[in-house]
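1. Pasting the sequence and the predicted coordinates here, then a few questions.
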Amino acid sequence: MSSLEAIERFQLAHKNYLKADNEESRKSMAQALQTVKLLQTELSTPDPSADKIRLAFIQQVTTLEANIDHIHLDGLYPDLYRDSESNFRLLIDILDSFKITLLSKGESVPFVELSSSSNEWKDHGVVAFCRDVRNHLQPSKFNSLWDALQCFQKNKSQLTYTFEILSLTGNLGKH
């Protein structure tokens, strides 16, 4: 099981625990946390190649922001749906690109290919996310794969939260 899967399994177990709050959900969450702790020790070992992931993340958010700005020049917006029914498709594409970078240890740096739409939505939250990530990562350095994994999880949570708030407030426009 990869460390990313272990963390995602823990997050799911924690979410289930918050909903159910029973003995089974507590045990599941405890087991998932134990797995993450074991992996943390292994992944915390200094790794000189870990910083390639940080540099790739910076490159990804810089390109994403530039592509959004380019789309705005034509009075358009990034297409949220990307030929699907889910308005979170763009979110999934962004997170998948970060995940590929993480799993490849920065060797692969996929960029989200944005398509444009006249569907207006409050995409400034995504632009702010890009700037926050860049401003946070530029002065730092990843010393281990654990640093990279923690950054990925933080970015995933922040971007997911941004899209959820936009959805709840009706700021994702209309499909």
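-> Cool, got the structure. Residues are numbered from 1 along each chain as shown.

2. Quick check: the gap between the residue lying closest to residue 117 once chain neighbours are set aside and residue 123.
-> Using Cβ to Cβ, 6 or more residues apart in numbering and skipping residues adjacent in sequence, the residue nearest residue 117 is residue 79, 4.0 Å away. Bear in mind the C-beta positions are built from the backbone N, C-alpha and C, glycine included. Distance of residue 79 to residue 123, computed by Cβ to Cβ, to the nearest Å: 11 Å.

3. Which one's more surrounded, these two?
-> Just comparing residue 79 and residue 123: by other Cβ atoms under 10 Å the higher neighbour count belongs to residue 123, 20 against 17.

4. need the contact list for that one.
-> Each residue near residue 123 by Cβ atoms under 8 Å, 6 or more residues apart in numbering is listed here: 68, 77, 78.

5. wouldn't the residue nearest to residue 117 be in contact with residue 113 here?
-> No - assessed by Cβ atoms under 8 Å, residue 79 is found out of contact with residue 113, at 10.4 Å.

6. Mind listing what's buried along stretch 26-46?
-> Under the neighbour-count criterion of 16 or more other Cβ atoms under 10 Å, stretch 26-46 has 28, 29, 32, 33, 35, 36, 39, 40, 43 buried.

7. I'd like to know how many residues surround the closest residue to residue 64 other than its chain neighbours.
-> Once flanking residues are discounted, residue 64 sits nearest to residue 130: 5.4 Å by Cβ to Cβ, 6+ apart. A count of nearby residues for residue 130, using other Cβ under 10 Å, gives 23.
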